[in-house]
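> This is a predicted model, with the sequence first.
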Amino acid sequence: MGLIRFPRRRVPDDPPQAEHEVVQEYRRLLATAPTETLVVLHEEALSMLDPLVRLLVCGTAETVVGGASAPHDELVPDDPRRQAEQVVQAATQQSSAFLDRLEDGVRHRLAQAVTHSQPSSSSVVVNETSGA
């Protein structure tokens with residue numbers, strides 16, 4: 001009796017429909033949240049990330065928004081607010097370019113950290129509309 005061979009399923013590289021739920025949630029957040037809220041969430045998230053992951057995220061953001069206008073010595077590790085602002089700028093103004101340049105694991109960790117961060121309620125600006 002011979003060995004039955006099943007064809008291998010080809011897994012697409014990274015189709016949008018297969019994108020992890022947390023990354024999809026992150027993309028929705030980038031598209032809908034006010035900039036100041038995003039900065040606060042990213043500042044908190046960046047502080048929770050591993051230093052190497054944070055370096056990759058910030059380096060990618062710096063590249064996307066234009067490395068010439070933001071030299072490496074301006075983006076110092078002791079300035080989490082500036083790092084968050086630059087990541088938010090890259091993620092909102094050039095979302096696809098920024099997110100596509102991040103490795104899958106880095107993109108997932110960033111998305112998870114941002115969507116699960118819990119900044120103090122006084123530091124988050126909420127864009128509320130009244131229903132009246």
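Great, that's in hand. Numbers count the residues shown, from 1 in each chain.
> buried sites along the helix ranked longest in the chain?
Scanning the chain for the longest helix, with DSSP state H as the assignment, gives helix 51-66. By neighbour count on 16 or more other C-beta atoms under 10 Å, the buried set for helix 51-66 is 53, 54, 56, 57, 58, 60, 61, 62, 64, 65. In this view, the C-beta of every residue, glycine as well, is placed from N, C-alpha and C.
> For those, give me JSON lines that also has pLDDT.
Output for these, formatted as JSON lines (pLDDT from 0 to 100):
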{"residue": "53", "pLDDT": "95"}
{"residue": "54", "pLDDT": "94"}
{"residue": "56", "pLDDT": "95"}
{"residue": "57", "pLDDT": "96"}
{"residue": "58", "pLDDT": "95"}
{"residue": "60", "pLDDT": "95"}
{"residue": "61", "pLDDT": "95"}
{"residue": "62", "pLDDT": "91"}
{"residue": "64", "pLDDT": "92"}
{"residue": "65", "pLDDT": "88"}
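> I'd like the residues you listed as TSV, with distance to residue 84 appended.
Output for those, formatted as TSV (distance: C-beta to C-beta, whole Å):
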residue	distance to residue 84
53	14
54	11
56	15
57	10
58	9
60	14
61	10
62	13
64	15
65	13
